[in-house]
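[1] let me see the structure of the following:
(one chain, ligands or ions: 2)
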Amino acid sequence: MSDSRPQRPRLAVKLLDERLRDFMPRYATLGSAGMDLRALLDEPLVLEPGQCELVRTGLAIHIGDPGLAGLILPRSGLGHKHGIVLGNLVGLIDSDYQGELMISTWNRGTDTFVLEPFERLAQYVLVPVVQAELEVVDEFEASLRGEGGFGSSGRH
Ligand SMILES: O=c1ccn([C@H]2C[C@H](O)[C@@H](COP(=O)(O)OP(=O)(O)OP(=O)(O)O)O2)c(=O)[nH]1
Ligand SMILES: [Mg+2]
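    Ligands and ions are numbered 1, 2, ... in the order given. I've put the predicted structure just below:
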């Protein structure tokens with residue numbers, strides 16, 4: 001039987017800490033959209049309500065292709081149950097970024113949260129990107145919507 005799954009892009013990864021060898025990000029299931037990123041910590045990190053800290057991942061991933069980008073997104077369970085989300089809401093990783101992936105970790109909840117070393121903290125999603133050329137014009141071709149926005153559709 002032939003394998004019809006599309007080929008996965010191969011991304012170059014540097015492990016900035018040898019301990020990461022045992023904790024490489026991976027897709028948990030065949031259909032997972034993201035790979036979990038773990039907190040590279042030497043000891044538990046206490047996050048008081050409202051506190052935001054930049055947490056290392058120990059990973060540098062060079063995407064290399066301007067037609068791709070990385071997104072760092074919160075994990076639903078941590079975000080919903082514990083209020084642990086991202087200080088920048090979403091992390092956008094440029095294809096030419098070669099530095100360490102960092103996770104802005106924000107306790108937006110009301111309880112103290114203790115982040116354990118190598119806990120799965122966020123997820124990394126590779127997405128297609130299209131770069132645009134901006135062309136200055138005086139007028140746009142007419143469209144049905146025109147300049148209407150912010151709930152304007154459906155009004156009479
Ligand atoms: O959650 C994040 C967001 C970004 N980055 C890295 C990768 C990204 O390519 C780079 C720059 O991010 P961004 O463009 O969002 O930040 P900026 O404030 O505009 O910085 P710069 O001037 O370096 O573009 O920082 C992370 O490691 N984690
Ligand atoms: Mg930028």
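
[2] skipping adjacent residues, who's closest to residue 94 in space?
    Residue nearest to residue 94 in three dimensions, not counting chain neighbours: residue 69, with 6.7 Å by CB to CB, 6 or more residues apart in numbering. Heads up, the C-betas are built off the backbone N, CA and C, glycines and all.

[3] just to be sure, the one you found is in a helix?
    No. Applying DSSP: H, G, I helix; E, B strand; the rest coil, one finds residue 69 to be strand, outside a helix.

[4] what's the local residue count around it?
    Other residues lying near residue 69 total 17 when counted by other CB atoms under 10 Å.

[5] OK, contacts around it?
    63, 92-95, 126-127, 129 (CB atoms under 8 Å, 6 or more residues apart in numbering).

[6] any idea what it is bridged to?
    On the basis of DSSP bridges, residue 69 is bridged to residue 127.

[7] local confidence estimate at it?
    pLDDT, residue 69: 98.

[8] ok, now residue 79?
    96.

[9] ditto for residue 2
    Note on residue 2: pLDDT of 61.

[10] and the gap between residue 144 and ligand 1?
    Distance of residue 144 to ligand 1, given as CB to the nearest ligand atom, to the nearest Å: 34 Å.

[11] pretty sure residue 65 sits against residue 95.
    Yes. Using CB atoms under 8 Å, residue 65 is in contact with residue 95, at 5.6 Å.
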